[in-house]
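Asker: Got a sequence here, can you build the structure:
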Amino acid sequence: MKKDLELVLASELDLGVVQAILSESGRWMREARGVLDQWPERFPDWLVLEAIRAREMFLVYRDNECIGTVRIQESDEAVWGPDDRQALYVHSLAVRRSLKGQGLGQAILDEVQKEAARRSKRFLRLDCIATNESLRRFYERCGFVYRRNIMQTNAHGPRESRLYER
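Answerer: So this is what the prediction gives:
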């Protein structure tokens, strides 16, 4: 299947679409995978709007159909430490569940990697909770290399996260 994708900056008018895709993926993680602490049941609107206003939240289109969303950041000091200006950071990657199994998650990561190259960045970096084994395997299949674990605190309390780089 052709996977030509387009990353389009989300606007405040897209809040509902972004939230619907994120919530659908979060629900799937909890119900199908038993991963309870990767994402909240619903991201707070203010947090998603903050990402949109910072020009970090993108909708992903294929053939004029919105198939997912992804947040791309220039730095992520809270997770990765001081910015070395060599990477783009990926968060909130989600594909509509009705399109699962088509390789779209990897295709989105590949598209973000192209964006990193356009911005003269050497690396693409991301993280996930250490207990989310299926997501860790997915990232590794996509060519990401484990770098280290860190401890973080979210609404569920302290958690160990794994950091990956490609």
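Asker: make it CA atoms for all contacts and neighbour counts henceforth
Answerer: Will do.
Asker: Glu6 - how many residues pack around it?
Answerer: 18 (other Cα atoms under 10 Å).
Asker: contacting residues around it?
Answerer: Taking Cα atoms under 8 Å, 6 or more residues apart in numbering, we find Glu6 in contact with 60-62, 111.
Asker: 10 Å - rerun?
Answerer: Glu6 is in contact with 58-66, 108, 111-112, counting by Cα atoms under 10 Å, 6 or more residues apart in numbering.
Asker: just Asp110 next, same as before
Answerer: Contacts of Asp110 by Cα under 10 Å, 6+ apart are 5, 104, 116, 124, 142.
Asker: again with Ala116
Answerer: With Cα under 10 Å, 6+ apart, Ala116 has these contacts: 72, 74, 86-89, 110, 122-124.
Asker: Check Arg42 too.
Answerer: 19-20, 22-24, 26-27.
Asker: buried subset of those residues?
Answerer: 19, 22-24, 26-27 (16 or more other Cα atoms under 10 Å).
Asker: related to what we said a few turns ago, so which of the contacts of Glu6 belong to helices?
Answerer: Of the contacts of Glu6, the ones assigned to helices by DSSP state H are 108, 111-112.
Asker: quick check, nearest of those to Thr131?
Answerer: Using Cα to Cα, the shortest approach to Thr131 within the ones in helices among the contacts of Glu6 belongs to Ile108, at 23.2 Å.
Asker: ok, now which ones touch that closest one?
Answerer: Contacts of Ile108 by Cα under 10 Å, 6+ apart are 3-7, 60-61, 67-70, 93-95, 114.
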